[in-house]
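Q: Would you be able to build a 3D model of this:
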Amino acid sequence: MLRNERGASSLIWLSKLLELGIEVHGQIVLCPGINDYEVLEDTLETVFSIYNKLRSVAIVPLGVSKYSRSPNMKPMSSSQACDTLEIISKWQNICSQAFKRKILYGSDELYLIAGVEIPDYNFYEVKEQLENGVGLISNFRESFRANNITPFNVRSGFFQQVDGAPAIGYRAITQSKYNMLQKLETSQDQNTAILTGGYTKEFLSDLLKEVSLDTVGVIEVENRFFGGNIKVSGLMTFSDISRTINENPKFDRYLIPDCALSDGRFIDDFRVEDLPANVEVVTANGLALAKSLGLRN
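A: Numbers count the residues shown, from 1 in each chain. I've put the predicted structure just below:
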């Protein structure tokens, strides 16, 4: 799968790290028809029997864009996601009984694809996998509801926490200078829409219904830039957001999460001020969204 004959040797170094007591968090990218079902069972059994010192392992579905050239790489179906969650749950229980730790976690994306309710915040014993989308929605939900937890903000770039790596390019710090939360006293009366990726549209709609904010629009930004099954908010582009605003012009203000920006730019190299409407960038957590909607001070 790594297309590298020496790729499997990385497991030697994983064993060494674990032997030295170094905390390691792993990830399994699940490719339908390649490493799912029986292969996944075998992989999780190997984690259980050999690599059980791993602090956590996230199981995430493959993202397939329109640029993917391999015919073997396919997006996961709802039924496949359901089956995968059952396998993960089985091995979570086995690990919990043997080690008093779940170790294994399905990503939020798996639950969304399967159409299954995402577990409560307290279900997750680790928080280090949040940027892999494990427990991120439950964290968002709890902080939006004003529960006493630390809201998590998705920052740009997979390697953004690597010590010593410069915060430039893909790893650049998301820009908060566009955040207009200080306008709360006027924005409450404005006709507002939240622009989001396809995976979180229904979740955000349900969250707003809880607080009777049915007038706030939740609009999916279809990702035509990447295509495929790419529906995460962090990969929303200027071109797709602009098209969505033009197709939904009735709102006074539009909110987008800061995780869609890197160094003030979208991935297709445009800036927020280039958008054709009043767009406010909101920190990507529930507390910040609640404040931007006038629910919290």
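
Q: going forward, measure contacts and count neighbours with C-alpha atoms only.
A: Will do.

Q: can you list contacts of the longest helix out of those in the chain?
A: If you go by DSSP state H, the chain has its longest helix at helix 78-99. Residues from elsewhere that reach helix 78-99 (CA atoms under 8 Å, 6 or more residues apart in numbering): 32, 36-37, 41, 44-45, 48, 101-106, 110-111, 113-116.

Q: List the contacts of Lys201.
A: Val218, Ile219, Glu220 are the contacts of Lys201 under CA under 8 Å, 6+ apart.

Q: oh sorry, the question was meant for Asn229
A: Asn229 touches Gly63, Val64, Ser65, Pro75, counting by CA under 8 Å, 6+ apart.

Q: Can I get the residues you listed in a markdown table including secondary structure and neighbour count?
A: Formatted as a markdown table, the contacts of Asn229 follow (DSSP: H, G, I helix; E, B strand; the rest coil; neighbours: other CA atoms under 10 Å):
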| residue | secondary structure | neighbour count |
| --- | --- | --- |
| Gly63 | coil | 18 |
| Val64 | coil | 19 |
| Ser65 | coil | 19 |
| Pro75 | coil | 19 |
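
Q: quick one on the thing from earlier: can you list the buried residues in the longest helix of the chain?
A: Neighbour-count burial for helix 78-99, counted by 16 or more other CA atoms under 10 Å, picks out 78, 80-82, 84-85, 87-89, 91-95.

Q: Show me which of the residues you listed is closest to Phe226.
A: Nearest to Phe226 among the buried residues of helix 78-99 is Ser78, at 20.8 Å by CA to CA.

Q: What number of residues are in the vicinity of Ser10?
A: By other CA atoms under 10 Å, 9 other residues sit near Ser10.

Q: Quick one: the helices in the stretch 1-150 of the chain, in order.
A: For the stretch 1-150 of the chain, applying DSSP state H, counting those that start in this stretch gives helices covering 10-19, 38-49, 78-99, 108-114, 136-144.

Q: could these go into JSON lines alongside distance to Gly228 and mean pLDDT?
A: Formatted as JSON lines, those follow (distance: least, CA to CA, whole Å; pLDDT from 0 to 100):
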{"stretch": "helix 10-19", "distance to Gly228": "30", "mean pLDDT": "91"}
{"stretch": "helix 38-49", "distance to Gly228": "23", "mean pLDDT": "97"}
{"stretch": "helix 78-99", "distance to Gly228": "15", "mean pLDDT": "98"}
{"stretch": "helix 108-114", "distance to Gly228": "14", "mean pLDDT": "96"}
{"stretch": "helix 136-144", "distance to Gly228": "22", "mean pLDDT": "93"}
